[in-house]
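Peer 1: Can you look at this prediction? I've put the sequence above it.
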Amino acid sequence: MDSTVLGEVAVGVFAVGGVALGIAKARASKSKPSSVTSAVSGQARKAEEHFGDPVPTFGAEIIDSPVAVNVSAEEVAQDSPESVVARSTRLRGRFGKSQSSISDAFRKVFSGGVENDAAWDELEDTLIMADLGARAATEVVDSLKAATRKAGSGADLKQIVRENLVALVDGGFSRELATQRHENRPAVVLTVGVNGTGKTTTTGKLARLLVAEDKDVLLGAADTFRAAAANQLETWGERVGSVVVRGPEGGDPASVAFDAVNTGIEQEVDVVLIDTAGRLHTKQGLMDELGKVHRVAAKAGGVDEILLVIDATTGQNGLTQARVFSEVVPVTGIVLTKLDGTAKGGIVVAVQQELGVPVKLVGLGEGPDDLAVFDPISFVDGLIS
């Protein structure tokens with residue numbers, strides 16, 4: 001064994017020991033390491049051996065120095081996330097606030113009566129423009145007309161419409177997030193999506209939502225193509241006291257995901273949230289890399305939830321993204337961001353029908369606690385109020 005190989009082995013042993021030492025010190029001081037830098041570590045090499053996916057060595061330089069930084073509570077400006085109940089109550093009114101055109105169309109139907117065909121036609125046109133889709137809009141209006149006419153002129157038209165819309169939007173889906181810790185490992189959640197949808201911000205906000213439920217969360221910054229993304233995730237982690245595992249800029253995202261899951265298992269956290277790199281759904285190479293991240297994370301421990309983040313303002317383009325991403329990874333839920341800033345609320349129904357998976361979370365503002373579990377009843381009440 002030559003000196004170069006001996007040197008690499010020594011560096012690898014020192015690196016793994018560094019992570020273990022940092023975690024041990026953190027536990028001894030009853031605080032957590034705020035950041036673990038992951039690169040081509042010993043764990044990543046195990047990933048290569050197990051899965052056959054090459055791990056880059058960044059030229060002649062072997063980057064193999066994970067560091068666990070122990071930060072006391074006094075050094076980090078943490079804040080307390082809003083409770084789930086409090087945020088749901090506060091955000092309930094925002095569900096339909098931006099859907100004024102749909103609300104106006106429903107009001108004309110209610111005021112005009114069951115036989116007002118012009119009002120029904122206007123409602124159908126409005127639903128199409130709200131990105132429900134032409135076929136779905138026609139089916140919705142036809143079913144509502146049939147239900148109201150069957151009930152007769154003396155029936156409560158608004159209540160009939162409400163019941164039918166709730167059934168349509170609900171779709172019979174479970175919207176529970178798969179974030180319960182397993183007996184021997186944490187729950188693992190991947191967030192995926194194109195650049196600009198608010199994916200990293202959503203990951204940080206989701207960490208706050210879970211911390212508010214008294215869950216211990218670890219963040220994995222697998223978006224190694226943008227240093228700003230990892231820095232942003234570290235800031236979110238610091239604010240709620242969560243460990244962040246990150247890699248060098250331009251590093252292998254799959255190795256970061258692998259290390260994040262293994263660090264989560266070692267620290268016995270409840271949930272590992274992994275933020276993946278934003279990528280254009282039209283770039284096959286980038287999509288293949290996302291598949292690799294999923295495979296490695298799944299074999300390292302298992303993946304319980306894959307949340308596709310879609311900008312609600314993009315309308316039909318968002319549906320195209322959803323279609324392509326679902327072909328690469330098994331999407332289990334949708335996060336619609338910027339729903340408070342668009343009149344295209346029809347995408348809620350359209351994307352659920354397209355993928356057969358539920359909208360689980362919605363972004364309803366710029367605040368750190370403006371991410372909420374999607375509630376079909378509150379959404380429909382906002383539309384017809």
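Peer 2: Arrived safely.
Peer 1: C-alpha only now, for contacts and for neighbours.
Peer 2: Will do.
Peer 1: correct me, but residue 250 touches residue 224?
Peer 2: Yes: with the criterion set as Cα atoms under 8 Å, residue 250 and residue 224 qualify as a contacting pair; they are 5.2 Å apart.
Peer 1: okay, those two: which has more neighbours?
Peer 2: residue 224 (22 against 13; other Cα atoms under 10 Å).
Peer 1: Provide the secondary structure category for the more buried one.
Peer 2: Per DSSP: H, G, I helix; E, B strand; the rest coil, the secondary structure class of residue 224 is coil.
Peer 1: That one reaches residue 255, doesn't it?
Peer 2: No: the pair residue 224 and residue 255 fails to qualify as a contact (Cα under 8 Å) at a distance of 10.4 Å.
Peer 1: Tell me which helix or strand comes right after the lowest-mean-pLDDT helix or strand in the chain.
Peer 2: The helix or strand of the chain with the poorest confidence is strand 68-70; it has a mean of 36 (mean pLDDT, DSSP states H and E). Toward the C-terminus, strand 68-70 is succeeded by helix 84-91 as the next helix or strand (DSSP states H and E).
Peer 1: quick one, helices of the stretch 151-300 of the chain?
Peer 2: Counting by DSSP state H, counting those that start in this stretch, the stretch 151-300 of the chain has helices at residues 157-170, 199-212, 227-240, 253-267, 284-300.
Peer 1: Of those helices, flag the one that's most buried.
Peer 2: The densest packing among the helices of the stretch 151-300 of the chain, expressed as mean neighbour count by mean count of other Cα atoms under 10 Å, is seen in helix 253-267 with a mean of 26.
Peer 1: who does that helix touch, helix- and strand-wise?
Peer 2: Contacts of helix 253-267 with other secondary structure elements, assessed using 3 or more Cα pairs under 8 Å, 6 or more residues apart in numbering; DSSP states H and E, are made with helix 42-51, strand 217-222, strand 243-246, strand 271-276, helix 284-300.
Peer 1: which one of the helices of the stretch 151-300 of the chain lies closest to residue 311?
Peer 2: Of all the helices of the stretch 151-300 of the chain, it is helix 199-212 that lies closest to residue 311, at 9.2 Å by Cα to Cα.
Peer 1: quick one: contacts of that closest one?
Peer 2: Outside helix 199-212, the residues within contact range by Cα atoms under 8 Å, 6 or more residues apart in numbering are 80-84, 191-193, 216-217, 219, 229, 232-233, 236-237, 240, 273-275, 278, 309, 363, 368-371.
Peer 1: low pLDDT regions in the stretch 151-300 of the chain?
Peer 2: 153-155, 279-284 (pLDDT under 70).
Peer 1: excluding its backbone neighbours, what's nearest residue 168?
Peer 2: Setting aside the residues directly before and after it, residue 168 is nearest to residue 349 in space (Cα to Cα, 6 or more residues apart in numbering), at 7.5 Å.
Peer 1: name the element the one you found belongs to?
Peer 2: Under the assignment given by DSSP H and E, the secondary-structure element containing residue 349 is helix 347-355.
Peer 1: Check which element follows that helix along the chain.
Peer 2: Once helix 347-355 ends, the next helix or strand along the chain (criterion: DSSP H and E) is strand 359-363.
Peer 1: Now the helix or strand that that following strand is followed by: average pLDDT?
Peer 2: Following strand 359-363 in sequence order, the next helix or strand is strand 371-373 (DSSP H and E). Mean pLDDT, strand 371-373: 91.
Peer 1: could you dump the very next helix or strand once past strand 371-373 to PDB, C-alpha only?
Peer 2: Scanning forward in sequence from strand 371-373, with DSSP H and E defining helices and strands, the next element found is helix 376-384. Taking C-alpha atoms only, helix 376-384 is exported to PDB below (Å, rounded to 0.1, in the frame of the first residue of the first chain):
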ATOM      1  CA  PRO A 376     -60.700  21.200   1.200                       C
ATOM      2  CA  ILE A 377     -63.500  22.500   3.300                       C
ATOM      3  CA  SER A 378     -61.800  25.800   4.100                       C
ATOM      4  CA  PHE A 379     -60.800  26.100   0.400                       C
ATOM      5  CA  VAL A 380     -64.400  25.600  -0.800                       C
ATOM      6  CA  ASP A 381     -65.800  27.900   1.800                       C
ATOM      7  CA  GLY A 382     -63.400  30.600   0.600                       C
ATOM      8  CA  LEU A 383     -64.600  30.100  -3.000                       C
ATOM      9  CA  ILE A 384     -68.300  30.400  -2.300                       C
END
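Peer 1: got the residue ranges for the strands in the stretch 51-200 of the chain?
Peer 2: Ranges of strands in the stretch 51-200 of the chain, per DSSP state E, counting those that start in this stretch, are 68-70, 187-192.
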